[in-house]
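**Student:** The following block contains a protein sequence and its predicted model.
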Number of protein chains: 2
Amino acid sequence: MAEIKEKEPVLEQKSQFAVPYYAISYDKFFQFGLSVDCVVFGYHEKRLKVLLIKRGAEPYLGSWALPGDLVYPNENIEVAAKRILKDLTGISELFMEQTKVYGKVDRHPAGRVITTAYYSLIDIAKHDPHASAWAEGVYWVDLEEVPGLAFDHDEILEDALQTLRQRVRHQPVGFELLPQKFALADLQALYEALLNEVYDKANFRKRILAMNLLINLKESQKDVPHRPARLYSFDKKRYDELIAKGFSFEL
Amino acid sequence: MAEIKEKEPVLEQKSQFAVPYYAISYDKFFQFGLSVDCVVFGYHEKRLKVLLIKRGAEPYLGSWALPGDLVYPNENIEVAAKRILKDLTGISELFMEQTKVYGKVDRHPAGRVITTAYYSLIDIAKHDPHASAWAEGVYWVDLEEVPGLAFDHDEILEDALQTLRQRVRHQPVGFELLPQKFALADLQALYEALLNEVYDKANFRKRILAMNLLINLKESQKDVPHRPARLYSFDKKRYDELIAKGFSFEL
DNA sequence: ATGACTTTTGGTCAAAAAAACAATAAGTAA
DNA sequence: TTACTTATTGTTTTTTTGACCAAAAGTCAT
């Protein structure tokens, strides 16, 4: 390794970490609040939605906002994120991923609160959110119809959406979002909703099948007013493989 | 927008945000410390390095670590990040991007300190880091030779590297990292170092030139013991365009 | 000055992937 | 039986990629 500078004596203007840590001035530096805000995306009937609350308390009483809460001083952040999501949707087993931290000095009227954003993606039909501690009501709002949000939540949502799309392009998604048996058109509708694009049906089919990810169930749709589509299910093994290795989906 | 549940009365177990904010118990929740850790990548002579310090104070005295510092309660996080970087390298005008937050309860012996990681990328030749407040010494360490680091800095570095590579694949990089005039081979060496891959020379050339990003300077290298290469410079206008729109670089 | 050597540069070519689109199949509904 | 709708398969064309060749333009040693 190349040393660029000779070692120099430590300068007089020390940081708080340059003094013995037991001497740190707690009052001065340890006065941040930490919160988590959850961006829960939900998929339902070919549409992408996001879970919002109507705030039942100050500040921003009555405003729309992302569900969030303060983290306890002895609680890990991911734990807090899962706690909040669970309180809200009753479920815990699903992926939650951090996007960014938001820490503007004046972002919260109650003091210096920095917040960590997490996002996840669930099948709306399978979960039943309920108003709780935080909110008067919890609502699934179509992405196209999101109103202005409290705090800096507009920005948080925007960033989370971008991260979600980024992720969806490189990791398969679906197990939790589609029924056990589904048609290729369902999968296509899912991707079209997530990425907000439109694909050619025939080519989409070829691409997906080439991934070797689906099991042909030799079974067809019922009760559709047209030619019924063949049903498929995910090949769990191959699916996990792709999640680990990643893939590219730039149709 | 679809309402999933009727509004319910707010439950008895309220979160701290569900009460008037002036009633928040400050002692209980507002006791986090916030720090920033900087992952400064540097490019020099076809190698990618990272700026590390040798800690001059407890905890982890004598260990290698990423440069970082506490954020002031009235200071924005990005401002803190730039302050730290500036103290360390003397420069301020360059991109710094957040990667993640790290907030494990026990990650810091001095208390509950959560840290935000930022990364950036500079030309080593153009900057001269110096030991300062935080450290006995500051060193450029080749990525292949990074020792074990203090705190959770190994993880932070790993994540930052991944994010850097992700970004480099989708946004052009170069202005700050190459001299005004450079040969295509220089640009190729840069990408090979950043992404740790090897490309075919002829095809690399075609790809890059097709982007319409370079200006042919009608001027050649001097003093090389072989056929001198044509020199190019970036087309500033086109460069900014690509930074805004993004591009794909999956050679 | 000549040939050896090195890297640049321009080009070809085949293989692979993507995109566009045409034709047929399998149902329902009237 | 025909009209209608979506599914499915297949073909064709175009674009992109990857591998590789050979000439070009210098330096260097002899």
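**Tutor:** Nice, I can see it. This is a predicted model, so every value here is computed, not measured.

**Student:** got a list of what A:L149 touches?
**Tutor:** With contacts defined as C-beta atoms under 8 Å, 6 or more residues apart in numbering or on different chains, A:L149 is in contact with A:L52, A:S63, A:W64, A:A65, A:L66, A:L157. Where C-beta positions appear, they are placed from N, C-alpha and C, glycine not excepted.

**Student:** what packs against whichever strand or helix holds A:G137?
**Tutor:** Element membership of A:G137 [criterion: DSSP states H and E] is strand A:135-142. The contact analysis (3 or more C-beta pairs under 8 Å, 6 or more residues apart in numbering or on different chains; DSSP states H and E) places strand A:135-142 against strand A:47-55.

**Student:** what is the mean pLDDT for the strand holding A:G137?
**Tutor:** Mean pLDDT, strand A:135-142: 85.

**Student:** Buried residues in that strand, which are they?
**Tutor:** Within strand A:135-142, the residues scored as buried using 16 or more other C-beta atoms under 10 Å in any protein chain shown are A:A135, A:E136, A:G137, A:V138, A:Y139, A:W140, A:V141.

**Student:** Hmm, the second one is touching A:L52, no?
**Tutor:** What that stands for is A:E136. No - with contact defined as C-beta atoms under 8 Å, A:E136 does not count as touching A:L52 (11.6 Å).

**Student:** still on that earlier bit, which members of the contacts of A:L149 are positioned in strands?
**Tutor:** Under the assignment DSSP state E, the contacts of A:L149 contribute A:L52, A:W64, A:A65 to strands.

**Student:** number of nearby residues for the second one?
**Tutor:** In this case it means A:W64. By the measure other C-beta atoms under 10 Å in any protein chain shown, the count of residues near A:W64 is 20.

**Student:** Tell me the predicted confidence for it.
**Tutor:** 95.

**Student:** Tell me if A:Y191 really is in a helix.
**Tutor:** Yes - the assignment for A:Y191 (DSSP: H, G, I helix; E, B strand; the rest coil) places it in a helix.

**Student:** Flag the shaky bits of chain A, pLDDT-wise.
**Tutor:** Confidence mapping of chain A against pLDDT under 70 gives the ranges A:1-27, A:92-93, A:131-135.

**Student:** could you redo the last one with a cut-off of 80?
**Tutor:** For chain A, residues meeting the criterion pLDDT under 80 lie at A:1-30, A:58, A:88-94, A:128-136, A:251.

**Student:** Pick out the residue nearest the middle of it.
**Tutor:** Within chain A, one residue has its C-alpha closest to the average C-alpha position: by C-alpha atoms, centre = their mean, that is A:Y119, at 1.6 Å.

**Student:** Quick check: that one touching A:Q166?
**Tutor:** No - with contact defined as C-beta under 8 Å, A:Y119 does not count as touching A:Q166 (10.9 Å).

**Student:** ok, A:I84 - contacts?
**Tutor:** Residues counted as contacts of A:I84 (C-beta under 8 Å, 6+ apart) are A:V36, A:C38, A:P67, A:G68, A:D69.

**Student:** For A:A202, give me phi and psi.
**Tutor:** Comment: the main-chain dihedrals of A:A202 come out as phi -60, psi -40, following degrees, to the nearest 10.

**Student:** Kindly reformat the contacts of A:L149 as JSON lines and extend each row with distance to A:E78.
**Tutor:** Compiled in JSON lines, the contacts of A:L149 are given as follows (distance: C-beta to C-beta, whole Å):
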{"residue": "A:L52", "distance to A:E78": "22"}
{"residue": "A:S63", "distance to A:E78": "27"}
{"residue": "A:W64", "distance to A:E78": "25"}
{"residue": "A:A65", "distance to A:E78": "21"}
{"residue": "A:L66", "distance to A:E78": "17"}
{"residue": "A:L157", "distance to A:E78": "20"}
